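[1] give me coordinates for this.
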Amino acid sequence: MVVTEAVAGQAGRMWLSADGDTRRQVPDDPAFFSEPIAAVAANPQGQLLAVGLTGRVAWSSPDGVSWARLDLPNLFPEWDEFSPPGLAATPSGWVLVSASEVDGGSKPMAWYSPDGTSWEPSEVVPDDTEGAMLAVAAVPQGLVAVGIGGIWVSDDGRAWELAPVSAEVPFFGGPM
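    Next up, the predicted model:
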């Protein structure tokens, strides 16, 4: 397990735990001095990927102790503001979700990478959906992203669709 700390204006910090109870802090690494860490994921092969709060920087590690900085391509070329990214690993790659602020509204966004360094935009349908993907998780059937305005599902992270949600689904004690 990897635990991270993101504090505005400070470098990210990280702790490792094999059992969830005892933790040891990863020594400060200059690779993390650029920005706080927003999300960390591990793929089935044990490779770790962390993404920064702005979504423009990531870090890769084979063991959680030594990290290499990866400058991400400008995933947000048109927008000044966006939601901090969520990250998940799949057997075939990595998925990053977020939202962009466009024309006073929010649009869910997702990207796929086979290696954590090269990213391609994923299709999110319907493409006029307002909302924000705030978190993503790999599940046996594929991927699920949750956020403002809906729940999205994907088989592989390359194409997403808004999941139908019944009004009868209990949500915080009431219908959704």
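[2] run the chain-centre distance for stretch 53-62.
    The chain centre lies 10 Å from the centre of stretch 53-62; the measure is C-alpha atoms, centre = their mean, to the nearest Å.
[3] mean confidence (pLDDT) on it, please.
    Regarding stretch 53-62, the rounded mean pLDDT is 84.
[4] how's this structure carved up into domains?
    Taking automatic domain parsing as the domain assignment, the ranges for the chain are 1-72, 77-176.
[5] mean neighbour count added to the ones you listed, as CSV?
    In this view, the C-beta of every residue, glycine as well, is placed from N, C-alpha and C. Below are the domains of the chain laid out as CSV (neighbours: other C-beta atoms under 10 Å):
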stretch, mean neighbour count
domain 1-72, 16
domain 77-176, 16
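[6] which of those domains has the lowest mean pLDDT?
    Within the domains of the chain, confidence is poorest for domain 1-72, with a mean of 76 (mean pLDDT).
[7] check the gap between residue 148 and residue 66 for me.
    Computed as C-beta to C-beta, to the nearest Å, the residue 148 to residue 66 distance reads 36 Å.
[8] with residue 50 instead?
    Using C-beta to C-beta, residue 50 is found at 13 Å from residue 66.
[9] and residue 140, by the same measure?
    Residue 140 is 31 Å from residue 66, where distance means C-beta to C-beta.
[10] one more: residue 124?
    Computed as C-beta to C-beta, the residue 124 to residue 66 distance reads 35 Å.
[11] same thing with residue 55?
    Separation of residue 55 from residue 66 (C-beta to C-beta) stands at 23 Å.
[12] one more: residue 156?
    Here the criterion is C-beta to C-beta. By it, residue 156 lies 30 Å from residue 66.
[13] then residue 45?
    For residue 45, the distance to residue 66 equals 16 Å [C-beta to C-beta].
[14] equivalent analysis for residue 118, please.
    Distance from residue 118 to residue 66, by C-beta to C-beta: 22 Å.
[15] same question, residue 152
    Distance from residue 152 to residue 66, by C-beta to C-beta: 34 Å.
[16] contact partners for the residue lying closest to residue 142 once chain neighbours are set aside?
    Excluding the flanking residues, the one nearest residue 142 by C-beta to C-beta, 6 or more residues apart in numbering is residue 155, at 4.4 Å. Contacts for residue 155 (C-beta atoms under 8 Å, 6 or more residues apart in numbering) come out as 141-143.
[17] looking at those, which are in helices?
    When the contacts of residue 155 are checked against helices (DSSP state H), there are no matches.
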